[in-house]
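Asks: Have a look; sequence and predicted model below, questions after that.
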2 protein chains.
Amino acid sequence: MEYKFSDRVSNLKPSAIREIFKYAADPEVVSLSAGNPSPDAFPVKAIEEISAKVLAEDPIKVLQYSVSEGYTPLRQHLMEYMQKECNTGSENDDIIITTGAQQIMDLCTKSLVNEGETVIVEAPSFIGSLNTFRSYNAKLVGVTVESDGMNTDELEEKLKANPDTKFIYTIPNFQNPSGVTMSLKKRQKVYELAKKYGVLIIEDNPYGDLRYSGENVPNIKSFDTDGIVIYAGSMSKVISPGIRVAYCICPKPIFQKLVVCKQGNDVHTNIWAQYICDEFITKYDFNNHLGMLRNIYAKKAEFCMNLLDKYCAPAITYNKIDGGLFIWCDLDKSIDMPSFCKEAVLNKVCVVPGNAFLTDENEECHSFRINFTTPTDEQLEKGIKILGELANKKI
Amino acid sequence: MEYKFSDRVSNLKPSAIREIFKYAADPEVVSLSAGNPSPDAFPVKAIEEISAKVLAEDPIKVLQYSVSEGYTPLRQHLMEYMQKECNTGSENDDIIITTGAQQIMDLCTKSLVNEGETVIVEAPSFIGSLNTFRSYNAKLVGVTVESDGMNTDELEEKLKANPDTKFIYTIPNFQNPSGVTMSLKKRQKVYELAKKYGVLIIEDNPYGDLRYSGENVPNIKSFDTDGIVIYAGSMSKVISPGIRVAYCICPKPIFQKLVVCKQGNDVHTNIWAQYICDEFITKYDFNNHLGMLRNIYAKKAEFCMNLLDKYCAPAITYNKIDGGLFIWCDLDKSIDMPSFCKEAVLNKVCVVPGNAFLTDENEECHSFRINFTTPTDEQLEKGIKILGELANKKI
């Protein structure tokens, strides 16, 4: 049998990152390629308590079918929390619980983008989202990320050149992969341009709670008086990614369409996992837990940046970060990045080649991404030392 | 802001069943409209034990990110189990774990069907799958379900008339909503026709383990020597639907495409839930558990059919069932079915109008679906008595 796939997925390739995980499974390899929370960042004791209690007292509540929009108390509590803490979400919005934030990208693309229509993304951007947009045959147009966020002049040019743009996809805080945080001025400008050109914004904010230094910058959604911003939040980095719980705050008409699409996608998100998240954010000290996470990650980030300073200059430079899980490293222009990443794997260190995050993977790129939250300190030191030695031999 | 949705979802409506759930939430209403397992059918104690043990011993295993194809031991054990018990799956196949079987329909439609291409379905068929196919703008073509499964002459006519057909979707055991089981002869014929016309078959089998009487009929997948059958199995009716775990056994090239699409859909299915399913089917007596389920449901099915005999003839007739969760009821042709269902809700009994399961909801239909596994015996008696009285007053 010759299998004939749909046009939209014929050219779809497995995510480069998830393929790299296969090398990373070798216990001898130091993996700096993941995006996993640190194993000591999980609120295991609370999860055990909540889970044991509900299974003893009301198991059917967390084992039976549930509703597509999500567990009502969790939806209410997240909405209240986001309004109170970040002025995010208004009476014109509603909230849907999804199976990870990846599903928000899937449901939004399905609902909003016809095949061939344009989605504007940061260049570089999160490969998982890029692949979701690609899986609906969207045309991806990249806008360069600068040290304070996307180049807004270029954004306007691209909006003019692509009148079929449906939305702008941005990760404004500690962007994956660049580590960059968008300035308030640029957030306002992006919002203005979206309004001017009649397009929506998807604001993806999985790392917002993981700021180690500097001042919080308001969410774009916090100035959404026109109903044009879809906000994606996630429990993956602050409770657990394995249980797949995220949430989307968006204008009610979009919410309604996302709910219908979710019915046809997975009916509803694991209800037990939703219940755990709800109990954790309401009955435990969630803000204290976030403080603990920030302490763990701030230490690891500083340790990692010190290692980069010690072992990697001058052949590898990097952007200092204020939060998140990733550091974006630039190789000296004389070094061929793809060959360097392959050589690193042969030397038992895994990083993600930067071109994986571009709209066109064949574009020239001299950067790679490292993660510092998953490896132990010993692994970090070993891995970064090898990267530095390999690179500095070449210049 | 005027929101412009994609063509594929513009006409998509919320599932009639899930909308009916909103009436069913009224505690005074007897709901015969759900498809939920009976509350006493969940292996709660085992789930508690498995969960407590893994959280105490190796919590990160079930809380961290995992791989898109699913938890490896669960994939292996399900594949072995299906090969051994039902000769389903060969060395040309692979297995992917999904977030409920609904996601199998989503991933398959996405991978295989271009907008406007044909999907052949049973008429009536499961509304959730129909809506998934619709959400990719597939053209739905229905084939009449008879007492031994779909009319295969009509199937061949429809295959001839629609050369752009990508797959035939069938629920061969205790079909939802008709309760019908397809005969072996018709299964072989459907397979032959699919082969002859070069189309695939999706065999959706969520109720296969719930046979109360009669002989098992082999799965269509069991005679798939040509690699044309995609088999969908589910843990929802035999362990728990709220935790959203299902599996798809299909030819390797299709498997690979489904994995890529799943990466972009929800990255992976809740890993804790996958672990629980694996431990339950390997460390507990799964076949004994299935026997217990069959006992519970056989009793409820018989009780329900006795009530239908007692209260509903002659205005309501029904097809006797050998398994599954649903009974399909036919109203006397002189009664307007949609008005009857509305009147039933006003009299505090919820059923699902039969036209919800058709490819064209405006087609004339004199049937409705009831479920007997979710309500208590008292609720069943109360609800069916009301239905019988309402209908028999009208003839």
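Replies: It's in. Please read these numbers as outputs of a predicted model, since none were measured by experiment. Numbers count the residues shown, from 1 in each chain, chains lettered A, B, ... in the order given.
Asks: mind listing the helices for chain A?
Replies: With DSSP state H, the ranges of helices along chain A come out as A:7-10, A:16-24, A:44-57, A:59-63, A:72-86, A:101-112, A:127-134, A:152-161, A:184-197, A:252-265, A:271-283, A:286-311, A:337-346, A:377-392.
Asks: These into JSON lines, with extra columns for mean neighbour count, distance to B:Ile171 and mean pLDDT?
Replies: (Glycine included, C-beta is placed from N, CA and C.) Compiled in JSON lines, the helices of chain A are given as follows (neighbours: other CB atoms under 10 Å in any protein chain shown; distance: least, CB to CB, whole Å; pLDDT from 0 to 100):
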{"stretch": "helix A:7-10", "mean neighbour count": "16", "distance to B:Ile171": "25", "mean pLDDT": "92"}
{"stretch": "helix A:16-24", "mean neighbour count": "17", "distance to B:Ile171": "32", "mean pLDDT": "67"}
{"stretch": "helix A:44-57", "mean neighbour count": "16", "distance to B:Ile171": "32", "mean pLDDT": "97"}
{"stretch": "helix A:59-63", "mean neighbour count": "19", "distance to B:Ile171": "23", "mean pLDDT": "96"}
{"stretch": "helix A:72-86", "mean neighbour count": "17", "distance to B:Ile171": "31", "mean pLDDT": "97"}
{"stretch": "helix A:101-112", "mean neighbour count": "27", "distance to B:Ile171": "25", "mean pLDDT": "98"}
{"stretch": "helix A:127-134", "mean neighbour count": "24", "distance to B:Ile171": "29", "mean pLDDT": "96"}
{"stretch": "helix A:152-161", "mean neighbour count": "16", "distance to B:Ile171": "47", "mean pLDDT": "98"}
{"stretch": "helix A:184-197", "mean neighbour count": "18", "distance to B:Ile171": "45", "mean pLDDT": "98"}
{"stretch": "helix A:252-265", "mean neighbour count": "22", "distance to B:Ile171": "17", "mean pLDDT": "96"}
{"stretch": "helix A:271-283", "mean neighbour count": "22", "distance to B:Ile171": "24", "mean pLDDT": "98"}
{"stretch": "helix A:286-311", "mean neighbour count": "17", "distance to B:Ile171": "43", "mean pLDDT": "96"}
{"stretch": "helix A:337-346", "mean neighbour count": "16", "distance to B:Ile171": "46", "mean pLDDT": "91"}
{"stretch": "helix A:377-392", "mean neighbour count": "19", "distance to B:Ile171": "50", "mean pLDDT": "97"}
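Asks: can you pull the contacts of the residue nearest to the spatial centre of chain A?
Replies: The residue lying closest to the centre of chain A (CA atoms, centre = their mean) is A:Pro206, at 5.3 Å. If a contact means CB atoms under 8 Å, 6 or more residues apart in numbering or on different chains, then A:Pro206 has A:Ala101, A:Ile171, A:Asn176, A:Ala232, A:Gly233, A:Ser234, A:Ser236, A:Lys237 as its contacts.
Asks: Report the contact partners of the closest residue to it other than its chain neighbours.
Replies: With sequence-adjacent residues excluded and distances taken as CB to CB, 6 or more residues apart in numbering or on different chains, A:Pro206 is closest to A:Ser234, at 4.4 Å. Residues in contact with A:Ser234 (CB under 8 Å, 6+ apart) are A:Gly100, A:Ala101, A:Asn205, A:Pro206, A:Val245, A:Ala246, A:Tyr247.
Asks: List the contacts of the fifth one.
Replies: For A:Val245, the contacting residues are A:97-100, A:234-236, A:239, A:269-270, A:273-274, A:277, taking CB under 8 Å, 6+ apart as the criterion.
Asks: What is the most widely separated pair among the contacts of A:Ser234?
Replies: A:Asn205 and A:Val245 (14.9 Å; CB to CB).
Asks: Would you mind naming what in the stretch 101-250 of chain A lies close to chain B?
Replies: A:102-103, A:105-106, A:110-115, A:128, A:131-132, A:134-135, A:226-228, A:236, A:240-244 (CB under 8 Å from any CB of the partner chain).
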